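Trainee: following is a predicted model, sequence given first.
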Amino acid sequence: MSEKNRDGKRTARERLAVEREKQKAAEKRRRTLIVGASVVCVLGLAAVIGVVAANSGKSKSSSSAGPVVAPSGAQGKDGLAIPVGKDGARSTLTVWEDFRCPACQAFEAAYRPTLHELTDAGKLRIEYHLVRLIDGNLGGTGSLRAANAAACAQDAGKFRDYHDTLYANQPKETDDAFASNAKLITLAGKVSGLDTPAYRRCVDGGTHDSWVNRSQKAFQSGGFTGTPTVLLGGKNIYQDQSMTPAKLKQMVEAADRG
């Protein structure tokens, strides 16, 4: 073999090795983004739990004694689950989330295309539970206000689109921008047909505030420690470091085939 050929093969091997390292680094960054963000949204210390208890019901909007009004089509115990996907799907994903939580946004960014694909194909059903964990951790009402606005979008049959819009426009965790109903209504304008007088009345009136507070209590009594909590077959797959969108898709499609 000529020296030139040996050099060419050596160079090709080196390029392949570099490319593999780049792929490994990209995957590591993706996992770090999701796992790192999750630390911010965890109820891990007794002190934090104490803050949640102390802050619960302090704001005017959270302490209102209004009736518990579940959004249209809500299912499950106490009507706390907003379903997306067909009822007959063989796999159900249960998601507990907070619209102020950066880890929830990171999960959505990584998994959204796969979740849309599987639900649109009738292979997966998602049950969303909306909570206000960050309001308790950092103060404010953005989690509550955004959850109410999303529940109002469910009434209008626009939950998934508005849900995705909220995460696409999520402020920094310490910025309680979602506390503004005007901001939430402006974002509703990005969803075709959502910004109507009925929707505005629902958002401004806090129609589903008590329902969100009940969901928060269910989250706490369920022993969950952070958002997002993502359950498939009762197992929190968000805590599985080997889980990827591709692996989730494989699991759901295997279940669909029976």
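Mentor: Yep, that arrived. Numbers count the residues shown, from 1 in each chain.
Trainee: flag the shaky bits of the protein, pLDDT-wise.
Mentor: Residues of the chain meeting the criterion pLDDT under 70: 1-40, 42-65.
Trainee: just the strands in it please.
Mentor: For the chain, the strands defined by DSSP state E occupy 82-84, 91-97, 124-130, 229-232, 235-236.
Trainee: most tightly packed of those strands?
Mentor: Stretch with highest mean neighbour count among the strands of the chain: strand 124-130 (a mean of 24; mean count of other C-beta atoms under 10 Å). (C-beta placed from N, C-alpha, C; glycine too.)
Trainee: spatially nearest residue to residue 248, not counting backbone neighbours?
Mentor: What sits nearest to residue 248 in space, not counting adjacent residues and going by C-beta to C-beta, 6 or more residues apart in numbering, is residue 114, at 6.2 Å.
Trainee: returning to that earlier point: how about CSV for the strands of the chain, with distance to residue 206 added?
Mentor: Listed next are those as CSV, based on distance: least, C-beta to C-beta, whole Å:
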stretch, distance to residue 206
strand 82-84, 17
strand 91-97, 20
strand 124-130, 14
strand 229-232, 25
strand 235-236, 31
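Trainee: of all those strands, which one is nearest residue 247?
Mentor: Distance to residue 247, taken as C-beta to C-beta, is lowest for strand 229-232 among the strands of the chain, at 10.8 Å.
Trainee: thought residue 126 was touching residue 87?
Mentor: No - Residue 126 sits out of contact with residue 87 when judged by C-beta atoms under 8 Å, with a separation of 11.8 Å.
Trainee: let me see the contact set for residue 158.
Mentor: Under the criterion of C-beta atoms under 8 Å, 6 or more residues apart in numbering, the contact list for residue 158 reads 191, 193-194.
Trainee: hmm, back to that, residue 219 is nearest to which of the strands of the chain?
Mentor: strand 91-97 (5.6 Å).
Trainee: what lines up beside that closest one in the sheet?
Mentor: Taking DSSP bridges as the criterion, strand 91-97 forms sheet pairs with strand 124-130 (parallel), strand 229-232 (antiparallel).
Trainee: measure stretch 199-214 end to end?
Mentor: 22 Å (C-alpha to C-alpha, to the nearest Å).
Trainee: so residue 164 makes contact with residue 111?
Mentor: No - counting by C-beta under 8 Å, residue 164 stays clear of residue 111, with 11.7 Å between them.
Trainee: which of those two has more neighbours?
Mentor: residue 111 (23 against 16; other C-beta atoms under 10 Å).
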